[in-house]
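Visitor: Let me see the structure of the following:
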Amino acid sequence: MPLHRFIATPTPGTPATEALLKHIGQGADCADGNTDREPAVQLSFERYYGIGTFPVETSDELYRDDIIGSCRQKYGFDLTPYYYPHPAGANAEGESNLFRVTDLTARQQHQRRLRFKQDMNQLHYNRRHSHSSYFYIFIRPIQIMLIAGLVGYALYLSYKNEARMLDAQDEPIEQRDERYDEQY
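Guide: Purely as a prediction, here's the structure:
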């Protein structure tokens with residue numbers, strides 16, 4: 001069974017968050033009414049789960065006891081009265097959504113899946129827009145040989161043409177020499 005790591009962040013504006021921040025010493029922001037800024041308090045805990053797909057962010061309903069234990073251990077503050085109020089109170093079941101719980105293991109798996117999908121999309125794109133290995137093994141050498149053959153043939157023709165021109169220039173000289181020899 002894999003171990004999942006969680007981080008619980010208090011929901012701003014709840015009584016439990018205000019009491020926790022006052023206990024820690026960050027209550028000045030709550031006293032000033034500055035609840036827009038997210039508190040820097042994070043509770044971490046771990047839980048064993050089986051194989052499956054898990055949401056990255058969830059509510060704190062399933063993790064109440066873990067959050068209470070983590071808060072006691074880290075800050076020495078008891079969240080039990082906020083989650084499990086006395087039965088005489090109006091809300092006998094207790095409040096939920098005091099914390100936003102993020103599953104770090106699920107987030108990491110989600111990021112790996114996204115990265116894998118991106119890599120596969122990139123690979124498929126490259127395969128669609130590039131040549132296969134057969135192209136480089138069979139077709140490319142044939143293309144190179146054809147180009148080399150055409151260049152060689154062009155050079156041969158230019159050499160042959162140049163040789164004809166030189167022969168054409170040499171013929172009149174030989175004919176002149178024969179005429180000159182005949183005269184003398």
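
Visitor: Tell me the helices and strands packed up against the host helix or strand of Leu155.
Guide: Leu155 belongs to helix 140-183 when elements are defined using DSSP states H and E. The contact analysis (3 or more C-beta pairs under 8 Å, 6 or more residues apart in numbering; DSSP states H and E) places helix 140-183 against no helix or strand. All C-beta spots, glycine's among them, are computed from the backbone N, C-alpha and C.

Visitor: Do you have the strands of the protein handy? List them.
Guide: 3-10, 43-48, 57-58, 99-103 (DSSP state E).

Visitor: Switch those over to a markdown table; also include mean pLDDT and distance to Leu150.
Guide: Output for the strands of the chain, formatted as a markdown table (pLDDT from 0 to 100; distance: least, C-beta to C-beta, whole Å):
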| stretch | mean pLDDT | distance to Leu150 |
| --- | --- | --- |
| strand 3-10 | 88 | 66 |
| strand 43-48 | 85 | 71 |
| strand 57-58 | 85 | 65 |
| strand 99-103 | 89 | 65 |
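
Visitor: out of these, deepest packed?
Guide: Compared across the strands of the chain, strand 99-103 shows the largest average neighbour count, a mean of 21 (mean count of other C-beta atoms under 10 Å).

Visitor: what's the angle from it to strand 43-48?
Guide: 50 degrees (axes from the mean of the first three to the mean of the last three C-alpha atoms, to 10 degrees).

Visitor: Strand 99-103 pairs with which strands?
Guide: As defined by DSSP bridges, the strand partners of strand 99-103 come to strand 3-10 (antiparallel), strand 57-58 (antiparallel).

Visitor: Pull the distance from the first one to the chain's centre.
Guide: This means strand 3-10. 23 Å (C-alpha atoms, centre = their mean, to the nearest Å).

Visitor: Residues contacting that strand, please?
Guide: Defining contact as C-beta atoms under 8 Å, 6 or more residues apart in numbering, one finds that strand 3-10 is touched by 16-17, 20-21, 38-39, 41-49, 54, 60, 63, 66-67, 70, 98-106.

Visitor: Send me it as PDB with only the CA atoms.
Guide: Output of strand 3-10 as PDB, limited to C-alpha atoms (Å, rounded to 0.1, in the frame of the first residue of the first chain):
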ATOM      1  CA  LEU A   3       2.000   6.100   1.500                       C
ATOM      2  CA  HIS A   4       0.200   9.300   0.500                       C
ATOM      3  CA  ARG A   5       1.500  12.700   1.800                       C
ATOM      4  CA  PHE A   6      -1.000  15.400   2.500                       C
ATOM      5  CA  ILE A   7      -0.900  19.100   3.300                       C
ATOM      6  CA  ALA A   8      -3.900  20.800   4.900                       C
ATOM      7  CA  THR A   9      -4.200  24.600   4.500                       C
ATOM      8  CA  PRO A  10      -6.700  26.500   6.700                       C
END
